[in-house]
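Novice: Here's a sequence, model it:
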Amino acid sequence: MAVIKWADQTEITSVNWLWKPFIPFGKVSMLEGNGGDGKTTLMLTIAAMLSRGITPPTLENGVLLPSETIEPITTFFVTNEDGVGDMTIPRYIRAGGDRSKLAYSGELEHHLTLNEKELYEIINETGARLLIIDPLQSFLPKGTNMGNMTQMRAIFSMLTKVAQDTECAIVIIGHLNKNEGARDIHRTIGSVDISAAVRSIILVEADKNDRSKRYLRSIKSNYDESDYSTIQLVFDENKRLSFKVAEAYNVTDNAGFHMLKIERAADIIQNMLKDKPVPISDILAEGAKSDISNKTIRRAGKEVLNVSTKYIDGTAYWKLPRNKDG
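Specialist: The predicted model follows:
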């Protein structure tokens, strides 16, 4: 017989964050980007900060809040040993990491295979609160096809269970597929079930005009729907990474424009409303096609364009003020 539960008898719980709004504890997250865009360096910097008992700065309402002091956190880095001694650990040390708070999977020829038993063992033995898998495909069981929906669903169900049971944040580092015209959320390599299974997807990318600049933005968050600004990742002369709110984040839309996301939202709204009022639901749907959140659309409408709302037969419409639409 099916197990039936009732919402009014279920305890409401809140999400604990390793780094709000990007990485929740007890969940599986994905960090994506093209090769060389700084994904591993970013995660090693975060691990180094946590090892010293410092949180990454929370991003809230377009402002980076000061880092907080916590109990130092151990990270387990699921990676091949090749390059750990001359690349991974030096980058971690350069970021100020405590070496006693970083563990990684053993010898290259005997490296970790992602299975439930081994994951519980390493998390329990090391006390890790952050587990980084870089890259996913190197640690899948032999014969696993990342494009196979059934296989990937089973693996991510297992990862989700391990993260939840141990309250460990699991972050998978992945590359983007070659479909540059697709929505960001559909550019994960492998089955679409991967994007569906993770609770948060973060994208690191280089500036379109200046590849020395890197940007970080959330493209999926199941636990926080707020509209957050993009973070610029800044490297100093010693290749140490710091964070700041991006003042001008360049993205390329299908027509080749470079503009801030809220400006893109305002452009979409203005084009749709130039002749007549349009249902708000239609405007939100058009924004979603360009990976623009409902909140960004609403902010652009109210704060940038000063639209007004009118109701026609019970349906909410937006219209431009007279000085905008003549």
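
Novice: burial count for the residue lying closest to residue 68 once chain neighbours are set aside?
Specialist: The shortest distance from residue 68 to any residue other than its chain neighbours is 4.7 Å, reached at residue 55 (Cβ to Cβ, 6 or more residues apart in numbering). Bear in mind the C-beta positions are built from the backbone N, C-alpha and C, glycine included. Residue 55 sits with 19 neighbouring residues when counted by other Cβ atoms under 10 Å.

Novice: Would you check that residue 55 makes contact with residue 67?
Specialist: Yes - using Cβ atoms under 8 Å, residue 55 and residue 67 qualify as a contacting pair, with a distance of 5.2 Å.

Novice: Common neighbours of these two, please.
Specialist: Here residue 55 and residue 67 share the contacting residues residue 49, scored by Cβ atoms under 8 Å, 6 or more residues apart in numbering.

Novice: Quickly find the element holding residue 269.
Specialist: Counting by DSSP states H and E, the element that carries residue 269 is helix 261-273.

Novice: per-residue pLDDT, residue 246?
Specialist: With respect to pLDDT, residue 246 has a value of 69.

Novice: right, I mislabeled it, should have said residue 182
Specialist: On the pLDDT scale, residue 182 is placed at 58.

Novice: Check residue 30 too.
Specialist: We have a pLDDT of 92 for residue 30.

Novice: what's the answer for residue 173, then?
Specialist: 91.

Novice: With the one 5 residues further on instead?
Specialist: In this prediction, residue 178 carries a pLDDT score of 65.

Novice: Could you do the one 10 residues further on as well?
Specialist: pLDDT, the model's per-residue confidence, is 68 for residue 188.

Novice: same thing with residue 222?
Specialist: Per-residue confidence for residue 222 comes out at a pLDDT of 82.

Novice: can you pull the contacts of it?
Specialist: By Cβ under 8 Å, 6+ apart, the contact list for residue 222 reads 199-200.

Novice: Ramachandran coordinates for it?
Specialist: In this entry, residue 222 is assigned phi and psi values of phi -80, psi -10 (degrees, to the nearest 10).

Novice: And it, how close does it get to residue 303?
Specialist: Applying Cβ to Cβ, to the nearest Å, one obtains 26 Å for the distance of residue 222 from residue 303.

Novice: Check residue 141 too.
Specialist: Distance, residue 141 to residue 303, by Cβ to Cβ: 50 Å.

Novice: With residue 232 instead?
Specialist: As judged by Cβ to Cβ, residue 232 and residue 303 stand 22 Å apart.

Novice: Please identify which of the two sits among more neighbours.
Specialist: Taking residue 232 and residue 303 together and counting by other Cβ under 10 Å, residue 232 has the greater number of neighbours (18 against 11).

Novice: what's the helix or strand for that one?
Specialist: Residue 232 belongs to strand 231-235, assigned by DSSP H and E.

Novice: Pull the number of nearby residues for the nearest residue to residue 200 once chain neighbours are set aside.
Specialist: The shortest distance from residue 200 to any residue other than its chain neighbours is 4.1 Å, reached at residue 29 (Cβ to Cβ, 6+ apart). A count of nearby residues for residue 29, using other Cβ under 10 Å, gives 22.

Novice: Considering only helices and strands, which part of this protein has the lowest mean pLDDT?
Specialist: Every helix and strand of the chain was ranked by mean pLDDT, DSSP states H and E. The lowest is strand 258-259, at a mean of 36.

Novice: show me where pLDDT drops low in the stretch 201-326 of the chain?
Specialist: 211, 224-229, 246-260, 323-326 (pLDDT under 70).

Novice: So what's the residue count around residue 307?
Specialist: Using other Cβ under 10 Å, the number of residues around residue 307 comes to 26.
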